[in-house]
Each structure stands twice: as C-alpha cells, then as structure tokens.
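A.B. asks: Pasted the sequence and its predicted model underneath.
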Amino acid sequence: MVWPPPYGAPPQKRTSSTEIIHILVGTVLVSLVIGSFFFDPLNLFADIAMNQDQIFLFVLVSFLAAPAFILHELAHKFVAQKYGFWGEFRLIPFGVVLTIISIVSPFKLVGPGAVMISGANITREKNGRISLAGPITNFILIGVCLLFVPFLPFEIVGQPFLVILAQLNAIIAVFNLLPVSLLDGKKIYKWNKTAWLVSIALSAFFWVVLLFLSVSPFIWVLMGVGVLSVAALIYWNFFREKKGKEIEIIDASEMPFIPRFIRSSSESASEEKPETKIKSMLVSECEQCGKAVFLPFRCWRCDGFFCYDHRLPENHNCPALKGAG
C-alpha cells in the first residue's frame, strides 16, 4: 500500500522513517533557537565556549524545549489521523533556513516545518480542530509544569526551571496562533473566530503572567489547575461534534502541501497515458485553469500538472476521486 493511502482507504501506517528524521532535525533546530534566548545572539558560541556553566544552561534549556515542540506537532498528526486523514511532519526548506538564522540573530522566527495533511473531504471545521490541537497541547504542558513546581525547585535565572518551561510553551502557543501564512492561527480563524480569539488571548495572558509574576510554589500549583481547567473548557466547547451543521470543504490554499509525488497503488507503473499537451517538471500549464506555472505541482493520483490552487485532487476534479468510497 502506498503512503499516503488512496482516497477512501483508512490509514494503516502511523509514521515513517522520513517523518522521524524530519521531526528530530526540527526539534534540534527549535531547541537551539530557544536556548539562544538566554545568551547574547551575536556572541552565542563564544559565550558557551568560555563558560562551562553557560554550556550546562544552554543544553538544559534546549532539551526543555523539545517536548513543547514535539508534542505540539504530534497533536496535529494524531487528530488528523483520528479523522482518517494522512498526516506527517515535514521540514520546509525556507523555514529551516529562517530557523538556523534565528539561532544567532536577535530576531527569532521559529518554523522549520509543519504537519502536512491529505485526504478526501477535509472540512474547514476538521482542519481548524487539527490546528487547534497544537496550542491546546501547549496549554496542557503549561498546567502540568506549574503543578510540579514545588517538587522540582531547581532554578534558572532566578526562576524555577519548570516555570521557564511553561513560558516556552506559552511562547510557542502565541507564535502558532498568529493568523498568518500556514500557521495554526490562520486556519483556526477561518474556522471559528471565537475559538481563535479565546486561544490567542489566553496564551498571551499566560505568557505575560509567567514572564512577570513571581509567587510561591503553592500559587503556581493553583495556576496550573486553572490552566488545565481552561484547556478542558476549550476542548469541551470546540472539539465536540455538532449535529446538523453544514459541512464546508476548505480551499486548497488553506492546507499545507506535500512536496512529493506519490503514485497510486491501483495504477500500473508501466502504464502509459496519452499526452495532450507538453508537460514538464520545470514549466507547465495548469490542467485545470490553463495558467502557466513555474515548478508546477504534480497530482499523486492522476499524474497531472497543476498550479498551487488546484494541486489537490479534490480541487481539479481528479478522476481518482470518482471511485473513492
């Protein structure tokens, strides 16, 4: 069976070696960027090399950031798979370059990759929930960290290191909830503006409180209970299936894309198709709208060439969808 699976077939494979490699590389890059928050970006490596304590702090903070990133991305993946879609994390070259630059730059742009999803009839509601799963996971991690502050009182820069970890989760949540580009916030906003507004307002509030508030361990525990309660309320209000609602299929431009070309398992590799127009992996015309496209997208079901807006099977009347069940 090919992966992603043919439309209408339930996913049988949860992950791949490619995804594992991509998410490990992405985790290392994000951890290094977050670790660089505690150092002068222009003298980052010199500071680490000259001070053994700095090395320990850098490594510790970097590793603390790993669960915030990994679990955020896995939440997207698992919710997508719950709905029967294909979902895997992939690095995005431009995002990788920006993240590497951010390690030594005073300006931080963290986004080495994203969870790509694919499937038939992805509704705006399901796509919004898949996106919201990441920030909610960060809320849960904030709550868990604050609950355990009294039991792990080790401090970094004058604060319990679990409070620092909670701050990192708040930063990741705020960044991903921005309603721009392919970030979670844009997809949540298009689905449910209330869900987006509540989520970004709460994540920003958590960030400010964690950054400026210094209280006793007991108060941190109470705040942890409060954050977990908020996460539960968001889940209860926005993740329950609502009956009788009109289904709205999303537009292709709202989905992450997979820069791979995968052939259907039901299609013989040796089968030849008549060419009706010139096709090239470098320059081609979109077979749906006729627009000339540089570096066109190739459909992994029908082998046609398309522009960005018509790259998905459901957006160019792909023949493979006729038999999907």
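C.D. replies: Nice, thanks for sending it over.

A.B. asks: mean confidence score for the helix or strand encompassing Arg129?
C.D. replies: With elements taken from DSSP states H and E, the one containing Arg129 is helix 124-147. The predicted model gives helix 124-147 an average pLDDT of 91.

A.B. asks: Which secondary structure elements does that helix sit against?
C.D. replies: If you count contacts as 3 or more C-beta pairs under 8 Å, 6 or more residues apart in numbering; DSSP states H and E, helix 124-147 packs onto helix 52-82, strand 113-118, helix 161-176, helix 184-191, helix 193-212, helix 217-238. For glycine as for every other residue, the C-beta is placed from the backbone atoms N, C-alpha and C.

A.B. asks: which one of those lies closest to Val96?
C.D. replies: In terms of C-beta to C-beta, the element of those nearest to Val96 is strand 113-118, at 7.4 Å.

A.B. asks: And the contacts of that closest one?
C.D. replies: Here strand 113-118 makes contact (C-beta atoms under 8 Å, 6 or more residues apart in numbering) with 4, 22-23, 26, 73, 76-77, 80, 85-92, 95-96, 127, 130, 182, 255-258, 312.

A.B. asks: Show me the residues you listed that map onto strands.
C.D. replies: Members of these lying in strands (criterion: DSSP state E): Trp86, Gly87, Glu88, Phe89, Arg90, Leu91.

A.B. asks: out of those residues, who's nearest Phe212?
C.D. replies: The shortest approach to Phe212 among the ones in strands among the contacts of strand 113-118 belongs to Phe89, at 33.4 Å (C-beta to C-beta).

A.B. asks: bridging residues for the closest one?
C.D. replies: Phe89 forms beta bridges with Val115, as assigned by DSSP bridges.

A.B. asks: Please name the residues that touch it.
C.D. replies: Contacts here follow C-beta under 8 Å, 6+ apart; on that basis Phe89 touches Glu19, His22, Ile23, Gly26, Glu73, Lys77, Gly113, Ala114, Val115, Met116.

A.B. asks: Would you mind putting those into TSV with neighbour count alongside?
C.D. replies: As requested, the contacts of Phe89 are arranged in TSV below (neighbours: other C-beta atoms under 10 Å):
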residue	neighbour count
Glu19	19
His22	20
Ile23	23
Gly26	25
Glu73	24
Lys77	24
Gly113	22
Ala114	23
Val115	25
Met116	23
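
A.B. asks: Low-confidence bits of the stretch 201-325 of the chain, can you list those?
C.D. replies: Within the stretch 201-325 of the chain, the segments meeting pLDDT under 70 span 241-283, 294-295, 300, 322-325.

A.B. asks: could you redo the last one with a cut-off of 90?
C.D. replies: Scanning the stretch 201-325 of the chain for pLDDT under 90 picks out the ranges 206-207, 209-220, 230-325.

A.B. asks: Same check on the stretch 1-150 of the chain?
C.D. replies: Within the stretch 1-150 of the chain, the segments meeting pLDDT under 90 span 1-20, 23, 26-70, 80-127, 148-150.

A.B. asks: And the contacts of Phe89, which is closest to Ser105?
C.D. replies: When the contacts of Phe89 are ranked by distance to Ser105 (C-beta to C-beta), Gly26 comes first, at 18.1 Å.

A.B. asks: neighbours around the closest residue to that closest one other than its chain neighbours, how many?
C.D. replies: Leaving aside its sequence neighbours, Gly26 sits nearest to Pro112 (C-beta to C-beta, 6 or more residues apart in numbering; 4.3 Å). Residues within reach of Pro112, counting by other C-beta atoms under 10 Å, total 27.

A.B. asks: Residue numbering should commence at 894 henceforth.
C.D. replies: Sure thing, new numbering starts at 894, so read that last one as Pro1005.

A.B. asks: Pro1005 against Leu984, yeah?
C.D. replies: Yes: with contact defined as C-beta atoms under 8 Å, Pro1005 and Leu984 form a contacting pair (5.6 Å).
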